[in-house]
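A.B. asks: quick one, fold the following:
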Amino acid sequence: MDGLVRLLELAYSARSVSVVDVMRLGFEREVQEERGWFSFLHGWCVHVADRVAYLDAIIQELEFCSSDMFVAQLLVELRSGDGVVLADSIMYFKAIRDFETKKLANMQLFLDALAAHFGRRMQFLARFNAM
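C.D. replies: As a prediction, the model looks like this:
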């Protein structure tokens, strides 16, 4: 029943009972939806890439402070055992960065697959627009 309701809604929106017009509208809607997902995912990839760059900067600063404790003492008050805290912090931020890097790689693969799928939908839409 859902399929029939969807078909009637498409026919009403297309203002036509022609199968070609209904299919064209259906493909146009699918393309719009895919375009929205593609844009959202691309924006999310940019966000994750920025996060990875931010984590890299934190790691570099922590490693610099860890290797030169005098600089670290100028920035903050160090107590005994703070060297261990710095080392743990570096490992923690590296683990987060590695996770975000893998997430970015997976999202990029998904974005590539979505782009290919989007291209196929655009081809179908072009066929119906040519009719």
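
A.B. asks: show me the helices in this protein, by range?
C.D. replies: In the chain, the helices defined using DSSP state H lie at 2-14, 19-67, 69-75, 82-130.

A.B. asks: in CSV, list those along with mean pLDDT.
C.D. replies: Shown next, in CSV, are those (pLDDT from 0 to 100):
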stretch, mean pLDDT
helix 2-14, 64
helix 19-67, 86
helix 69-75, 59
helix 82-130, 85
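
A.B. asks: could I get those as CSV with mean neighbour count?
C.D. replies: Bear in mind the C-beta positions are built from the backbone N, C-alpha and C, glycine included. As requested, the helices of the chain are arranged in CSV below (neighbours: other C-beta atoms under 10 Å):
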stretch, mean neighbour count
helix 2-14, 12
helix 19-67, 15
helix 69-75, 12
helix 82-130, 13
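
A.B. asks: so who does M122 touch?
C.D. replies: With contact taken as C-beta atoms under 8 Å, 6 or more residues apart in numbering, M122 is in contact with V31.

A.B. asks: distance of it from G43?
C.D. replies: Going from M122 to G43 by C-beta to C-beta, to the nearest Å gives 20 Å.

A.B. asks: E30 now?
C.D. replies: 21 Å.

A.B. asks: my guess is A115 meets L41, correct?
C.D. replies: No: using C-beta atoms under 8 Å, A115 is not in contact with L41; the gap is 9.7 Å.

A.B. asks: where do the contact lists of those two overlap?
C.D. replies: If you check A115 and L41 against C-beta under 8 Å, 6+ apart, no residue is contacted by both.
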